[in-house]
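Participant: structure for this input, please:
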Amino acid sequence: MKWVIKGGLFLSLILLTVMNGGFVVLAFLPIILYFVLSVFGIYFVNEVIKFMNTKAKSDQERNQKIDELIKVVSQGKSME
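Facilitator: As a prediction, the model looks like this:
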């Protein structure tokens, strides 16, 4: 019963908003939603690119360290 009352109050608030000029806001709602999703998409792609650049740099450093370690180990084996 509480959900019905709350839902009814919510609907009546929406109708009151529409009747008092809120129709303009509701008309622009899809455009605003599209804009917000576009901005989020651009932000997300930007963050992924930053992450991939950082990851590539750290992978390159790790590979260099592994190469140095392989050289040291192979020199140690050749001395034996």
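Participant: state the mean pLDDT of stretch 27-34.
Facilitator: Computed over stretch 27-34, the mean pLDDT rounds to 80.
Participant: now it: buried residues?
Facilitator: With burial defined by 16 or more other Cβ atoms under 10 Å, not one residue of stretch 27-34 is counted as buried. Yep, even glycine has a C-beta here, placed from its N, CA and C like the rest.
Participant: also stretch 56-74?
Facilitator: Neighbour-count burial for stretch 56-74 [16+ other Cβ under 10 Å]: no residues qualify.
Participant: send me that stretch as PDB with only the CA atoms.
Facilitator: Extracted as PDB, the C-alpha positions of stretch 56-74 are listed here (Å, rounded to 0.1, in the frame of the first residue of the first chain):
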ATOM      1  CA  ALA A  56      52.600   0.200 -22.200                       C
ATOM      2  CA  LYS A  57      55.400   2.200 -20.500                       C
ATOM      3  CA  SER A  58      55.500  -0.100 -17.500                       C
ATOM      4  CA  ASP A  59      55.400  -3.200 -19.700                       C
ATOM      5  CA  GLN A  60      58.400  -1.900 -21.600                       C
ATOM      6  CA  GLU A  61      60.300  -1.200 -18.400                       C
ATOM      7  CA  ARG A  62      59.500  -4.700 -17.200                       C
ATOM      8  CA  ASN A  63      60.700  -6.300 -20.400                       C
ATOM      9  CA  GLN A  64      64.000  -4.400 -20.200                       C
ATOM     10  CA  LYS A  65      64.500  -5.600 -16.600                       C
ATOM     11  CA  ILE A  66      63.700  -9.200 -17.700                       C
ATOM     12  CA  ASP A  67      66.200  -8.900 -20.600                       C
ATOM     13  CA  GLU A  68      68.900  -7.700 -18.100                       C
ATOM     14  CA  LEU A  69      68.100 -10.500 -15.800                       C
ATOM     15  CA  ILE A  70      68.400 -13.100 -18.600                       C
ATOM     16  CA  LYS A  71      71.800 -11.600 -19.600                       C
ATOM     17  CA  VAL A  72      73.100 -11.800 -16.000                       C
ATOM     18  CA  VAL A  73      71.800 -15.400 -15.600                       C
ATOM     19  CA  SER A  74      73.300 -16.500 -18.900                       C
END
